[in-house]
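Chemist: sequence and computational prediction follow.
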Amino acid sequence: MVVAGKPGLSETEIVARRMPDGRSCAAVKIFSDLEGFSYNAYLGVQRLDHKPGQDLVFLDPEERILLVYHTGYDPLKIIFSEIGIRLNERQVWEVKIRGGKVDMVSASFLIEPPDADLAVDRKTMAGGPTFPLKTGKHIIKIEKKDYRTVEDTVDVNLNRVLFKYRLEFKPEMVLVPGGTFEMGDVFNEGHADEKPVHTVTVGSFYMSKYEVTFSEFDAFCEATDREKPGDSGWGRGLRPAINVSWYDAVEFCNWRSIHEGLKPCYKIDKTRKDSNNRGLIDTLAWIVECDFLAKGYRLPTEAEWEYAAREGGKKIRFGNGKDIADPNEINFDGSWAFKVYYSVSGIYR
């Protein structure tokens, strides 16, 4: 910002406002095509009257300097003696200010999760979420452990100062080497559908180390404009997603695959009923086919579930090598409210 032209002393206006000590104020009338100025002075601003296109700043007649602030510009320091102004009681001086090119703006970055690290032009930013930045293009990088890094180029200007980002949780995939095992009720204490015990061979596959979180599943719901599942009062964020149907789960897998440029595993036909589906609680009965050769995400098969949970088919009950599973650590419930793991065939990129 700069002072435009030569200031002039008003011949028609006088100041009636008085100082606390009884002296009359002086005033500076600021004209500009910009709006939203703020002011300061060494002896303090006594009062500010605003009208469209002009501000009347009341000052101590002994004042010698006026500081003018506006978003996007460096502060303008008006030294009265340098531009021919000498304040006196009751006098009004008229000053024109021209904005010119905007150099700086206050840019805000709203990031989820909020404790992610933000770097702008390779410089780590702290104390945010709002920072003064020069107008123009900037390279940003947002990082957090266990999340996918975001790199972007933003064009900062007066009309674009707010930037929102949501990091995606990065599923940690672990290799489960294939093998042959005895599948089913090896302890002879289960349900009828777990018998008879039979020999099954599974190929190698990758499986997510942790269950799909609410943070991941909520992102899917927001992107596809669907209602988020309830958390039953347990909380969301990085907690495992619950109250998710099997159909929700396969659609989530397809969405994740497409989002990452992978071939979806599932072909879903919602227009017809699956005649082979005799589930009494399944009111949808969509026809869902899985392409096991596709490299996208899918749900593990029942055999893969059991093989992985029993640490490669060992004669142990589900649960991290323990004889009795801890339901707080692992959940293999296959009902309508189950926890979802990723699985991919072959080598995951």
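Modeler: Alright, I've got the coordinates.
Chemist: tell me the span between the first and last residue of stretch 186-199.
Modeler: 11 Å (CA to CA, to the nearest Å).
Chemist: again, but for stretch 73-89
Modeler: Start and end residues of stretch 73-89 are separated by 31 Å (CA to CA).
Chemist: now it: how far from the chain's centre is it?
Modeler: Taking CA atoms, centre = their mean, to the nearest Å, one finds stretch 73-89 lying 45 Å from the centre of the chain it belongs to.
Chemist: list the contacts of Asp248.
Modeler: Pro229 (CB atoms under 8 Å, 6 or more residues apart in numbering). The way it works is simple: take the backbone N, C-alpha and C, and place the C-beta from them, glycine included.
Chemist: quick check: domain ranges of the protein?
Modeler: Residue ranges for each domain of the chain read 2-98, 104-166, 173-345, as given by automatic domain parsing.
Chemist: rebuild the ones you listed as CSV, extending it with mean pLDDT.
Modeler: As requested, the domains of the chain are exported to CSV (pLDDT from 0 to 100):
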stretch, mean pLDDT
domain 2-98, 92
domain 104-166, 89
domain 173-345, 82
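Chemist: quick one: the strands in the stretch 151-300 of the chain?
Modeler: Under the criterion DSSP state E, counting those that start in this stretch, the stretch 151-300 of the chain carries strands at the ranges 162-166, 173-176, 179-183, 198-202, 205-208, 266-269, 287-290.
Chemist: let me know which of these is tucked in deepest.
Modeler: Highest mean neighbour count among the strands of the stretch 151-300 of the chain (mean count of other CB atoms under 10 Å): strand 205-208, with a mean of 20.
Chemist: check which helices and strands it sits against.
Modeler: Here strand 205-208 is seen to pack against strand 173-176, helix 302-309, strand 343-345 when contacts are counted using 3 or more CB pairs under 8 Å, 6 or more residues apart in numbering; DSSP states H and E.
Chemist: ok, how many other residues are close to Ala309?
Modeler: Applying other CB atoms under 10 Å, we find 19 other residues in the vicinity of Ala309.
Chemist: go on, Pro61?
Modeler: Taking other CB under 10 Å as the neighbour definition, Pro61 ends up with a count of 18.
Chemist: I'd guessed it sits against Asn88; true?
Modeler: Yes - using CB atoms under 8 Å, Pro61 and Asn88 qualify as a contacting pair, with a distance of 5.7 Å.
Chemist: who touches both of these two?
Modeler: Ala26.
Chemist: now the phi/psi pair for Leu284, please.
Modeler: For Leu284, the backbone dihedrals are phi -90, psi -50 (criterion: degrees, to the nearest 10).
Chemist: report the buried residues of stretch 21-39.
Modeler: Counting neighbours by 16 or more other CB atoms under 10 Å, one finds that the buried residues in stretch 21-39 are 24-30, 32, 34, 37, 39.
Chemist: span of it from start to end?
Modeler: End-to-end distance for stretch 21-39: 22 Å, by CA to CA.
Chemist: got it, and stretch 239-254?
Modeler: Distance between the boundary residues of stretch 239-254 (CA to CA) amounts to 22 Å.
Chemist: pull out the buried positions in it.
Modeler: Going through stretch 239-254 with 16+ other CB under 10 Å, the ones that come out buried are 240-242, 244, 246-254.
Chemist: between those, which sits nearest Pro20?
Modeler: Within the set of the buried residues of stretch 239-254, Ala241 lies nearest Pro20; the separation is 64.0 Å, counting by CB to CB.
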